[in-house]
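Enquirer: Quick one, what's the 3D model for this:
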Amino acid sequence: MKSGITAQQRELIPAGFIEALLAQGERAGRERELLLGDAAFPFDPLRGCSATQTTSSAAFSRLALALFRVLDDEAGGSMPDAPTPVGTARLLAFSLLGSHNLGAALRRAIEFNRCCRLNRGQSAVNSLTIDEDLREATLSYYLEGSDRAQQRLLCGLAIWMRFCGWLIGQHIDVVSARCAAAAPANVRELRHFFPCPVAFGAADNAVVFSVRHLEAELLRSETDLSRYLREAPYCLVVAPKPSSLSITRRIRELLGDDFRCEMPSFEDLTGMLNMSARTLRRRLEREGTSYQRIKDNARRDLAIALLQRDGATVSEVAERVGFSDPSAFHRSFKKWTGESPGAFRA
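Expert: Residues are numbered from 1 along each chain as shown. Take a look at the predicted model:
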């Protein structure tokens, strides 16, 4: 089930991400070549400009950090109230490391935001709530602003989930989200962060995930964090950095991305991982997931990637992700994403 895509190929940045940073820099008065020079992009003598065709994750991160310095705003203009001065995120991140678990870290982050980032006299809805019956946690954030501002705030919550996942060495699966805005005409940005169902027109912006993650200990040191912050723009915006500590990641690697053949059974998986069924169930439960959810998410992610390309029909996508019956694929895809395959592609 393994694919032939190398790790280096996976880290090459789609041109749209680079273009978005350069366009934002231009709007702030910084010429493209100057911004690329700030980020130490190599000069291409054949094209007479900086080389951006095959941008690495490290180069993308340098470019984003250079833009933040130009804007003096680490949020890149996404916060509707005020810029976030350069250095704020670093202070916040280091302040979390002493927390005894992720729940305590998130509550400390909420307090930091209230005391250190919000303008005096301004209020925000920023809370962490727990549903003990469903064993789900909800992280919410709302500030007065336009629909576009609310969509960006929701994307900011997704970025927080990626950072939190890195802190605890787990993948945090957002099972649903809601947005305090009408559904946008172009949902590509939200889809990038949220393959799960998103409800629009809500009273706030929120993400919902397993409460088990809140109980996880923070595994990172100050040295780890210093190293991570240098590549944070890529890991938080483009693709989260997989954790070698996560059993979810190990299973996803074993499954690969070709599901036309039957996936391994749970019993087969225990043998492949060289651990007992009891140990595997306990580790999956600790990460707030199950083998069935991991399989569903693997199929979902591949289906989304295939539907975003031109050429493949919905029936062909269904076959690629392991469904012999297209109608069963339609039902599953709508359950996973909140949309039918046809509506998702439109």
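Enquirer: CA atoms for contacts and neighbours, from now on please.
Expert: Fine.
Enquirer: need the contact list for Leu153.
Expert: Counting by Cα atoms under 8 Å, 6 or more residues apart in numbering, Leu153 touches Ser78, Met79, Tyr141, Tyr142, Asn205.
Enquirer: Go through the lengthiest helix in the chain and flag the buried ones.
Expert: In the chain, taking DSSP state H as the definition, the longest helix is helix 147-168. Residues of helix 147-168 classed as buried by neighbour count (16 or more other Cα atoms under 10 Å): 147, 149-159, 161-168.
Enquirer: Next: stretch 123-139.
Expert: Quick answer for stretch 123-139 (16+ other Cα under 10 Å): Asn126, Leu128, Ile130, Glu136, Ala137, Thr138, Leu139.
Enquirer: okay, among those, which ones form the most distant pair?
Expert: Greatest spacing in the buried residues of stretch 123-139, by Cα to Cα: Asn126 and Glu136 (16.9 Å).
Enquirer: Helices along the stretch 201-346 of the chain, start to end?
Expert: Along the stretch 201-346 of the chain, counting by DSSP state H, counting those that start in this stretch, helices occupy 222-233, 247-255, 266-273, 277-286, 291-307, 314-320, 326-337, 341-345.
Enquirer: Could you tell me the angle between the fourth one and helix 291-307?
Expert: Which is helix 277-286. 60 degrees (axes from the mean of the first three to the mean of the last three Cα atoms, to 10 degrees).
Enquirer: gap between helix 277-286 and the chain center?
Expert: Between the centre of helix 277-286 and the centre of its chain there are 24 Å (Cα atoms, centre = their mean, to the nearest Å).
Enquirer: which secondary structure elements does that helix contact?
Expert: Counting by 3 or more Cα pairs under 8 Å, 6 or more residues apart in numbering; DSSP states H and E, the packing neighbours recorded for helix 277-286 are helix 247-255, helix 266-273.
Enquirer: What lies in contact with it?
Expert: Arg212, His213, Ala216, Ile247, Thr248, Phe266, Glu267, Thr270, Ser290, Tyr291.
Enquirer: what do you get if the cut-off is 10 Å, keeping everything else the same?
Expert: Contacts with helix 277-286, where a contact means Cα atoms under 10 Å, 6 or more residues apart in numbering, come from 170, 210-213, 215-216, 246-248, 266-271, 273-274, 276, 287-291, 294.
Enquirer: ok so, going back, could you export the helices of the stretch 201-346 of the chain as CSV, including mean pLDDT?
Expert: Shown next, in CSV, are those (pLDDT from 0 to 100):
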stretch, mean pLDDT
helix 222-233, 94
helix 247-255, 90
helix 266-273, 94
helix 277-286, 93
helix 291-307, 93
helix 314-320, 93
helix 326-337, 93
helix 341-345, 88
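Enquirer: Which of these sits closest to Asn186?
Expert: Nearest of these to Asn186, taken as Cα to Cα: helix 341-345 at 11.0 Å.
Enquirer: list the buried ones in that closest one?
Expert: For helix 341-345, by 16+ other Cα under 10 Å, it's Pro341, Phe344.
Enquirer: can you give me the offset of that helix from its chain's centre?
Expert: 21 Å.
Enquirer: So which elements touch that helix?
Expert: If contacts are counted by 3 or more Cα pairs under 10 Å, 6 or more residues apart in numbering; DSSP states H and E, helix 341-345 sits against helix 291-307, helix 314-320, helix 326-337.
Enquirer: Would you enumerate the residues in contact with Pro85?
Expert: Applying Cα under 10 Å, 6+ apart, the residues contacting Pro85 are Phe68, Arg69, Leu71, Asp72, Asp73, Glu74, Ala75, Arg117.
Enquirer: export those residues to JSON lines and tack on pLDDT, neighbour count and distance to Phe200?
Expert: Converted to JSON lines, those look like this (pLDDT from 0 to 100; neighbours: other Cα atoms under 10 Å; distance: Cα to Cα, whole Å):
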{"residue": "Phe68", "pLDDT": "95", "neighbour count": "20", "distance to Phe200": "30"}
{"residue": "Arg69", "pLDDT": "94", "neighbour count": "16", "distance to Phe200": "33"}
{"residue": "Leu71", "pLDDT": "94", "neighbour count": "21", "distance to Phe200": "30"}
{"residue": "Asp72", "pLDDT": "93", "neighbour count": "17", "distance to Phe200": "31"}
{"residue": "Asp73", "pLDDT": "93", "neighbour count": "20", "distance to Phe200": "28"}
{"residue": "Glu74", "pLDDT": "92", "neighbour count": "23", "distance to Phe200": "27"}
{"residue": "Ala75", "pLDDT": "89", "neighbour count": "18", "distance to Phe200": "23"}
{"residue": "Arg117", "pLDDT": "82", "neighbour count": "16", "distance to Phe200": "27"}
